[in-house]
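In: Sequence first, then the predicted structure, then my questions.
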Amino acid sequence: RLVFTDLDAHWLRDPRPYFRGDCAAWAQTQHREKGLLNPGFLVLTPTDAAAKLLKTWAALLAKEPGRNLPLFNRAHQALQRAPLFKPVTCALDAEVFVSAKRSFFRRRWSARDPG
């Protein structure tokens, strides 16, 4: 498995026990209520489905340079509808793999107001 993380991601423990199930990839969630996945923490398996996910994402980025998160989600959603690739990307537990919006922007964890 290949683990890709953004430079600003921090790990508090070994994430490997959380990569369970028959998934080609696992990703952190960005907005749980919207069902968006965040490729800022992405785990890939050496499978055709993971390769297809990356190729689809790369093709979208080549056509529409910009923020990669919406394009990753479009690639994920397109492959989830394909009958050959189920499931492609599974969401990681949002309580363990916390996004920056849920951690650094909380008032109680703010650098400006650490109390």
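Out: Cool, the structure landed.
In: who's in contact with the spatially most central residue of the chain?
Out: Centroid check for the chain by Cα atoms, centre = their mean gives Ala27 as the closest residue, at 2.7 Å. Each residue near Ala27 by Cβ atoms under 8 Å, 6 or more residues apart in numbering is listed here: 37-39, 41-43, 72, 76, 89-92. Using the backbone N, CA and C atoms, a C-beta is placed for each residue, glycine as well.
In: all helices of the protein, in order?
Out: Per DSSP state H, the chain carries helices over the ranges 48-63, 68-80, 100-103.
In: And the first one, what's buried?
Out: By neighbour count, with 16 or more other Cβ atoms under 10 Å as the criterion, the buried positions of helix 48-63 are 49-50, 52-54, 56-57, 60.
In: Kindly report which one of the helices of the chain carries the lowest mean pLDDT.
Out: Per-segment mean pLDDT for the helices of the chain reaches its minimum on helix 100-103, at a mean of 60.
In: What is the longest strand belonging to the chain packed up against?
Out: When the chain is parsed with DSSP state E, its longest strand is strand 36-44. For strand 36-44, the elements it packs on are strand 2-5, strand 25-31, helix 48-63, helix 68-80, judged by 3 or more Cβ pairs under 8 Å, 6 or more residues apart in numbering; DSSP states H and E.
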